[in-house]
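A.B. asks: only geometry, no sequence info:
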(Lines give C-alpha, C1' and ligand atoms only; values in the text may rest on other atoms or scores of the structure.)
Protein backbone atom coordinates (compact mmCIF):
# COMPACT_ATOMS: atom_id res chain seq x y z
CA UNK A 1 0.00 0.00 0.00
CA UNK A 2 1.24 3.47 -0.85
CA UNK A 3 2.55 5.07 2.39
CA UNK A 4 0.97 8.45 1.58
CA UNK A 5 -2.47 6.88 1.21
CA UNK A 6 -2.02 4.53 4.18
CA UNK A 7 -1.14 7.51 6.40
CA UNK A 8 -4.43 9.24 5.56
CA UNK A 9 -7.32 7.34 7.19
CA UNK A 10 -9.93 9.54 5.47
CA UNK A 11 -8.99 7.97 2.13
CA UNK A 12 -10.76 4.77 1.09
CA UNK A 13 -8.64 1.67 1.65
CA UNK A 14 -7.39 0.02 -1.51
CA UNK A 15 -5.98 -3.48 -1.76
CA UNK A 16 -2.72 -2.54 -3.42
CA UNK A 17 -0.98 0.47 -4.91
CA UNK A 18 2.30 1.25 -6.59
CA UNK A 19 3.89 4.18 -8.41
CA UNK A 20 3.69 4.28 -12.20
CA UNK A 21 6.46 5.85 -14.22
CA UNK A 22 5.44 7.82 -17.30
CA UNK A 23 8.19 7.23 -19.85
CA UNK A 24 8.84 9.10 -23.07
CA UNK A 25 7.84 6.04 -25.11
CA UNK A 26 4.37 6.16 -23.47
CA UNK A 27 3.54 9.46 -25.17
CA UNK A 28 1.61 9.97 -28.37
CA UNK A 29 1.87 12.81 -30.90
CA UNK A 30 -0.32 15.04 -28.68
CA UNK A 31 2.25 14.76 -25.87
CA UNK A 32 0.11 12.73 -23.50
CA UNK A 33 0.02 9.05 -22.61
CA UNK A 34 -1.42 6.90 -25.37
CA UNK A 35 -4.67 5.20 -24.35
CA UNK A 36 -3.28 1.71 -24.99
CA UNK A 37 -0.46 2.28 -22.47
CA UNK A 38 -2.99 2.37 -19.64
CA UNK A 39 -3.89 -1.26 -20.33
CA UNK A 40 -0.22 -2.20 -19.93
CA UNK A 41 -0.15 -0.31 -16.62
CA UNK A 42 -3.29 -2.21 -15.57
CA UNK A 43 -1.63 -5.50 -16.51
CA UNK A 44 1.45 -4.68 -14.44
CA UNK A 45 -0.38 -3.59 -11.30
CA UNK A 46 -2.82 -6.53 -11.64
CA UNK A 47 0.11 -8.95 -11.89
CA UNK A 48 1.88 -7.47 -8.86
CA UNK A 49 -1.30 -7.47 -6.76
CA UNK A 50 -2.10 -11.08 -7.68
CA UNK A 51 1.47 -12.19 -6.99
CA UNK A 52 1.32 -10.56 -3.57
CA UNK A 53 -2.12 -12.07 -2.82
CA UNK A 54 -1.17 -15.56 -4.01
CA UNK A 55 2.43 -15.78 -2.87
CA UNK A 56 3.54 -16.57 -6.43
CA UNK A 57 7.05 -15.31 -7.12
CA UNK A 58 7.33 -16.20 -10.80
CA UNK A 59 4.89 -14.45 -13.17
CA UNK A 60 4.96 -17.57 -15.37
CA UNK A 61 2.96 -19.31 -12.61
CA UNK A 62 0.00 -16.96 -12.95
CA UNK A 63 -3.18 -19.00 -13.05
CA UNK A 64 -5.81 -16.65 -14.43
CA UNK A 65 -6.88 -15.15 -17.73
CA UNK A 66 -8.30 -11.74 -18.52
CA UNK A 67 -11.96 -11.86 -19.59
CA UNK A 68 -12.82 -8.15 -19.87
CA UNK A 69 -11.14 -4.77 -19.56
CA UNK A 70 -12.23 -1.12 -19.80
CA UNK A 71 -10.79 2.30 -19.01
CA UNK A 72 -12.07 5.85 -18.62
CA UNK A 73 -9.75 8.80 -19.18
CA UNK A 74 -10.48 12.05 -17.30
CA UNK A 75 -7.30 14.10 -17.60
CA UNK A 76 -4.62 13.91 -20.31
CA UNK A 77 -1.62 12.32 -18.60
CA UNK A 78 1.66 13.97 -19.47
CA UNK A 79 5.30 13.13 -18.96
CA UNK A 80 5.62 15.18 -15.78
CA UNK A 81 2.75 13.46 -13.93
CA UNK A 82 3.71 11.53 -10.80
CA UNK A 83 1.18 8.71 -10.72
CA UNK A 84 0.14 6.07 -8.24
CA UNK A 85 -1.94 3.13 -9.47
CA UNK A 86 -4.45 1.74 -7.00
CA UNK A 87 -6.27 -1.55 -7.42
CA UNK A 88 -8.93 -3.41 -5.45
CA UNK A 89 -11.53 -6.11 -6.05
CA UNK A 90 -15.22 -5.23 -6.23
CA UNK A 91 -16.63 -8.72 -6.68
CA UNK A 92 -15.24 -12.17 -5.87
CA UNK A 93 -16.96 -15.23 -7.30
CA UNK A 94 -16.07 -18.92 -7.24
CA UNK A 95 -13.90 -18.74 -10.35
CA UNK A 96 -13.84 -15.08 -11.36
CA UNK A 97 -13.35 -11.63 -9.85
CA UNK A 98 -13.65 -8.00 -10.83
CA UNK A 99 -10.95 -5.41 -10.14
CA UNK A 100 -11.17 -1.63 -10.29
CA UNK A 101 -8.21 0.68 -10.78
CA UNK A 102 -7.54 4.33 -10.08
CA UNK A 103 -4.61 6.23 -11.53
CA UNK A 104 -4.04 9.24 -9.28
CA UNK A 105 -1.77 12.26 -9.59
CA UNK A 106 0.29 11.96 -6.39
CA UNK A 107 0.87 15.65 -5.64
CA UNK A 108 -2.76 16.75 -6.13
CA UNK A 109 -4.78 13.58 -5.50
CA UNK A 110 -6.60 14.13 -8.81
CA UNK A 111 -8.01 10.93 -10.32
CA UNK A 112 -6.62 10.86 -13.86
CA UNK A 113 -8.20 7.60 -15.01
CA UNK A 114 -10.38 4.79 -13.72
CA UNK A 115 -10.48 1.27 -15.08
CA UNK A 116 -11.93 -2.15 -14.41
CA UNK A 117 -11.25 -5.73 -15.43
CA UNK A 118 -12.67 -9.20 -14.96
CA UNK A 119 -10.39 -12.19 -14.49
CA UNK A 120 -11.07 -15.94 -14.46
CA UNK A 121 -9.02 -18.44 -12.46
CA UNK A 122 -7.65 -20.78 -15.11
CA UNK A 123 -5.82 -24.09 -15.37
CA UNK A 124 -3.56 -23.77 -18.40
CA UNK A 125 -2.93 -27.55 -18.57
CA UNK A 126 -6.59 -28.55 -18.77
CA UNK A 127 -7.59 -25.28 -20.48
CA UNK A 128 -10.54 -24.86 -18.14
CA UNK A 129 -11.58 -22.44 -15.46
CA UNK A 130 -10.94 -23.54 -11.90
CA UNK A 131 -11.86 -22.37 -8.40
CA UNK A 132 -10.10 -19.27 -7.15
CA UNK A 133 -7.37 -20.35 -4.67
CA UNK A 134 -8.45 -19.94 -1.02
CA UNK A 135 -5.50 -17.69 -0.15
CA UNK A 136 -6.30 -15.32 -3.00
CA UNK A 137 -10.04 -15.37 -2.24
CA UNK A 138 -9.38 -14.42 1.40
CA UNK A 139 -7.16 -11.49 0.40
CA UNK A 140 -9.62 -10.25 -2.20
CA UNK A 141 -12.54 -10.42 0.25
CA UNK A 142 -10.48 -8.42 2.77
CA UNK A 143 -9.74 -5.75 0.14
CA UNK A 144 -13.24 -5.33 -1.37
CA UNK A 145 -14.41 -1.86 -2.43
CA UNK A 146 -17.68 -0.80 -4.04
CA UNK A 147 -17.78 -0.72 -7.85
CA UNK A 148 -20.39 2.01 -7.68
CA UNK A 149 -18.11 4.21 -5.57
CA UNK A 150 -15.73 4.22 -8.54
CA UNK A 151 -18.42 4.95 -11.11
CA UNK A 152 -18.88 1.39 -12.40
CA UNK A 153 -22.13 -0.56 -12.26
CA UNK A 154 -22.04 -3.65 -10.07
CA UNK A 155 -21.65 -6.86 -12.04
CA UNK A 156 -24.12 -9.60 -11.15
CA UNK A 157 -21.90 -12.47 -12.19
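C.D. replies: Perfect, thanks for sending it. Treat the numbers as computed from the prediction; the structure is a model and nothing was measured.
A.B. asks: what about residue 79, distance to residue 132?
C.D. replies: Plainly put, residue 79 is 38 Å away from residue 132 if you go by Cβ to Cβ, to the nearest Å. Bear in mind the C-beta positions are built from the backbone N, C-alpha and C, glycine included.
A.B. asks: Comparing those two, which residue is more hemmed in?
C.D. replies: residue 132 (22 against 12; other Cβ atoms under 10 Å).
A.B. asks: what's next to the longest helix anywhere in the chain, contact-wise?
C.D. replies: Longest helix in the chain by number of residues (criterion: DSSP state H): helix 35-54. With Cβ atoms under 8 Å, 6 or more residues apart in numbering as the test, helix 35-54 has contacts from 15-18, 20, 26, 56-57, 59, 62-64, 66, 69, 71, 73, 85, 87, 99, 101, 103, 113, 115, 117, 119, 133, 135-136, 139-140.
A.B. asks: Buried residues, that helix. List them.
C.D. replies: Buried residues in helix 35-54, defined by neighbour count with 16 or more other Cβ atoms under 10 Å: 37-39, 41-42, 45-46, 48-51, 53-54.
A.B. asks: May I see those organised as JSON lines, with distance to residue 31 and pLDDT added?
C.D. replies: Listed next are the buried residues of helix 35-54 as JSON lines, based on distance: Cβ to Cβ, whole Å; pLDDT from 0 to 100:
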{"residue": "37", "distance to residue 31": "13", "pLDDT": "96"}
{"residue": "38", "distance to residue 31": "16", "pLDDT": "96"}
{"residue": "39", "distance to residue 31": "20", "pLDDT": "97"}
{"residue": "41", "distance to residue 31": "18", "pLDDT": "97"}
{"residue": "42", "distance to residue 31": "22", "pLDDT": "98"}
{"residue": "45", "distance to residue 31": "24", "pLDDT": "97"}
{"residue": "46", "distance to residue 31": "27", "pLDDT": "98"}
{"residue": "48", "distance to residue 31": "28", "pLDDT": "97"}
{"residue": "49", "distance to residue 31": "30", "pLDDT": "98"}
{"residue": "50", "distance to residue 31": "33", "pLDDT": "98"}
{"residue": "51", "distance to residue 31": "33", "pLDDT": "97"}
{"residue": "53", "distance to residue 31": "36", "pLDDT": "97"}
{"residue": "54", "distance to residue 31": "38", "pLDDT": "97"}
